[in-house]
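build me a model:
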Amino acid sequence: MHIAIAGNIGSGKTTLTGLLAKHFGWKAHYEEVDSNPYLSSFYYDMQRWSFNLQIYFLTSRFRQILDIRNSGENVVQDRTIYEDSYIFASNLYDMGLMSDRDYENYSSLFDLMSDYMQAPDLLIYLRASIPTLVRQIAKRNREYEQSIRLDYLKSLNDKYENWIASYDKGKVLIIDSDNLEFENPEDLSKVIDSVNASLNGLF
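Predicted coordinates:
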């Protein structure tokens, strides 16, 4: 079984990934953030480092997909490879922060990788408003994230809503994270009930 959690920066993906993995006794696969050599540079100069960052994420996530498929384990994954292409790379291109040449190169690589991808059994989308994202980003206090622009977060949110509306690769569970604290047992219990219902085909 493969559950993947999608959502904007600060929506609660990493927290929920850990909590669901612990509850179900499954393996958690996290996004490579702390070890990413481009992330800090990217937030200070998006145009210069956008292509490098997206290629790093793409190869890292593709390797993760292969590991998940070959392991045969039940997994909860923090962010999907689809978000790398349809949300982040696409958004950087639309904002003029990735050149035509780089975007075409990136898209060609993603299309090639797509032939070897298997969609998750359940995609959980964490929908969050900009104030929630800003609050969560401030709360975790990562230095390189303090320079994230509000227009960047807004553009990503718009991309997420368009992507999730047309997602057709499998089951989707949408969770409004504005009014939830995943570390609150009562809120987590509601999410777990929804996940179980989705996995059992009730939604």
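
looking at the protein, which helix or strand is least sure?
helix 39-44 (a mean of 85; mean pLDDT, DSSP states H and E).

what's the helix or strand just after that one packed up against?
Next along the chain after helix 39-44, taking DSSP states H and E as the criterion, comes helix 46-71. Judged by 3 or more CB pairs under 8 Å, 6 or more residues apart in numbering; DSSP states H and E, the packing partners of helix 46-71 are strand 27-29, helix 39-44, strand 75-78, helix 81-83, helix 90-94, helix 100-114. C-beta: built from backbone N, CA, C; applies to glycine.

what about this structure, any weak spots by pLDDT?
For the chain, the stretches with pLDDT under 70 are 33-34, 144, 201-203.

ok, the one residue sitting closest to the centre of it to residue 8 distance?
Taking CA atoms, centre = their mean, the centroid of the chain lies closest to residue 79, which sits 2.8 Å from it. Distance from residue 79 to residue 8, counting by CB to CB, to the nearest Å: 10 Å.

coming back round to it: spatially nearest residue to the residue nearest to the centre of the chain, not counting backbone neighbours?
In this structure, residue 79 finds its nearest non-sequential neighbour in residue 31, 4.9 Å apart by CB to CB, 6 or more residues apart in numbering.

how close does that neighbour sit to residue 7?
In terms of CB to CB, residue 31 sits 11 Å off from residue 7.

after the helix or strand where residue 152 lies, which helix or strand is next?
Taking DSSP H and E as the criterion, residue 152 maps to helix 150-166. Once helix 150-166 ends, the next helix or strand along the chain (criterion: DSSP H and E) is strand 171-176.

can you name every helix or strand that the next helix or strand after that following strand contacts?
Note on strand 171-176: by DSSP H and E, the next helix or strand toward the C-terminus is helix 185-199. Helices and strands touching helix 185-199, by 3+ CB pairs under 8 Å, 6+ apart, are helix 13-24, strand 122-127, strand 171-176.

again, only using 7 Å
helix 13-24, strand 171-176 (3 or more CB pairs under 7 Å, 6 or more residues apart in numbering; DSSP states H and E).

list the contacts of residue 129.
Counting by CB atoms under 7 Å, 6 or more residues apart in numbering, residue 129 makes contact with residue 178.

distance of it from residue 59?
Residue 129 is 32 Å from residue 59, by CB to CB.

next: residue 68.
The value you get for residue 68 to residue 59, if CB to CB is used, is 15 Å.

neighbour-wise, which of those two wins?
For residue 68 versus residue 59, neighbours defined as other CB atoms under 10 Å are more numerous around residue 68 (19 against 14).

for residue 68, which residues are in contact?
Applying CB under 7 Å, 6+ apart to residue 68 gives the contacts 2, 29, 75, 77.

ok, residue 179 next?
If you count contacts by CB under 7 Å, 6+ apart, residue 179 has none.

run a quick neighbour tally on the residue nearest to residue 79.
Count around residue 31 with other CB under 10 Å applied: 20.

looking at this, it is in a helix?
No - counting by DSSP: H, G, I helix; E, B strand; the rest coil, residue 31 falls outside a helix, being coil.
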